[in-house]
Structures are given as C-alpha cells and as structure tokens.
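In: for reference, the sequence and a predicted model appear below.
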Amino acid sequence: GENVEQHPSTLSVQEGDSAVIKCTYSDSASNYFPWYKQELGKGPQLIIDIRSNVGEKKDQRIAVTLNKTAKHFSLHITETQPEDSAVYFCAASKGRSGSARQLTFGSGTQLTVLP
Amino acid sequence: DTAVSQTPKYLVTQMGNDKSIKCEQNLGHDTMYWYKQDSKKFLKIMFSYNNKELIINETVPNRFSPKSPDKAHLNLHINSLELGDSAVYFCASSQFSGEILTDTQYFGPGTRLTVL
C-alpha cells in the first residue's frame, strides 16, 4: 500500500520567515496530494491540494510543489504569522473506491511561529 | 451552523464496555468516513460509506461497526472496548463531482475516547 513520509516532525520559525514541510510517497499511481492544518482541539482542515497534472499551486501565502519523478511534494508558507502555528499533515491518494477517496496521511509537522 | 458534527466530544469509559459515537453532516455530501488519530497524532482511515453502503473497510477489528441510517449520518459503535482503542476519532464527509473534480474531505471536531 501507499506510504507517506513527512519531515520535519517539528519546525519553529520566526514570524515573517518562511516555512517548508516536505513529504515523499511510495506509490507512483498516487495522483492527488492535499495538505491539512489541524489546530489544537479541532479537526483537520484542508488548506491546499494539488493533482498530478500540475507542478505547482499557490494560494496567497501558501504554495505546494509536486515532483512526480522524485515522488515528493512540499508545502511552502511565506510571511508566517502566529496563527499559522498548528500541526500540518500531507496526504496522498491514488484514486477513489467508487465515490470515496482513500487518503494516506503523513505523520504530521508541528509548526510553531515565534512572535 | 456546523458542517460536520460529532457527539460526544469526550468519552471516558471502562475496558469491556460498549460505546457509540455519532456523526452528522449538513453539507449534502454522499460519502462519509471515520478516521482514528492515535496519541502520536497519526491519522488513519477506518471506514467509508457512500449513500449508506460500505465502500472502504480498512483492517479494523470487527469490534468496530459503522452504521449509516441515512447519507447524512454515520455512527461508530465499538464493542468490548480495549485500552488500545483510546484515541481521537474523526468523522469526515465529501462529495465527488466528476465535472468539478473536487472531493475535499471535511472533518468534524473529533471525539476523544479514553478507555480506563
């Protein structure tokens, strides 16, 4: 089955700096890569996703890049703010079972933005 | 107006008991999921239902039985609770639309289950 590795497990940055989180996946058939943000005591929330026919996607301060050849994808957060502090999860999926999409999650990165 | 809601938020119980967690979504989605997040925050899918039909069933002990009375509800019943069942359980929902190619999974707030 799919295996997703995520690094680093913890990341501390100064407010205003950039943060980068990296993930690798094992199944070359995977074609959908979402990133989720989980704040303390809450459920994960999708922040950005990318599909295998695209190499990069941006949404304001957040960007995701995908290298299909190397089977890795990364989350980039620029101009970090204290409210960016949370656990971030990457995930990979190679398709659906009917209408259900099976996501395999990475182990998470605790991002702390220091004021 | 909560999109995906779960009850209860906290559940503390003794080993060997049977308990249920309820999930409801008001997004009109046709697919719902249960995930387990362990103490190291590792998130793993357990089940998925589409229009009350089981689609995904990962390697989960048969003490766990999902039940979907209608497409807006997916409950999780756990028999003979064990210490290792302590975790946070998340419900999620999604709607696949082939034209729009969007099937974002929306997660509920989670239920923290503690087995003593």
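Out: Noted; the coordinates are in hand.

In: how much space between whatever residue of chain B ends up closest to chain A and residue A:91?
Out: Residue of chain B nearest chain A, by CB to the nearest CB: residue B:107 (3.4 Å). Every residue, glycine included, has its C-beta placed from N, CA and C. Using CB to CB, to the nearest Å, we find residue B:107 at a distance of 12 Å from residue A:91.

In: those two - which one has more neighbours?
Out: Shown here are residue B:107 and residue A:91; by other CB atoms under 10 Å in any protein chain shown, residue A:91 has more neighbours (27 against 22).

In: quick check, the more buried one in a strand?
Out: Yes: judged by DSSP: H, G, I helix; E, B strand; the rest coil, residue A:91 forms part of a strand.

In: need the pLDDT of the closest residue to it other than its chain neighbours.
Out: Using CB to CB, 6 or more residues apart in numbering or on different chains and skipping the chain neighbours, the partner closest in space to residue A:91 is residue A:103 (4.3 Å). Predicted confidence (pLDDT) for residue A:103: 91.

In: need the contact list for residue A:103.
Out: A:34, A:91, A:92, A:93, B:45, B:105 (CB atoms under 8 Å, 6 or more residues apart in numbering or on different chains).

In: can I get the residues you listed in TSV with distance to residue A:79 and pLDDT?
Out: Shown next, in TSV, are the contacts of residue A:103 (distance: CB to CB, whole Å; pLDDT from 0 to 100):
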residue	distance to residue A:79	pLDDT
A:34	22	95
A:91	25	96
A:92	27	94
A:93	30	90
B:45	34	92
B:105	28	91
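
In: between the residues you listed, which is closest to residue B:31?
Out: residue B:105 (8.5 Å; CB to CB).

In: isn't that closest one right up against residue B:91?
Out: No: Residue B:105 sits out of contact with residue B:91 when judged by CB atoms under 8 Å, with a separation of 10.1 Å.
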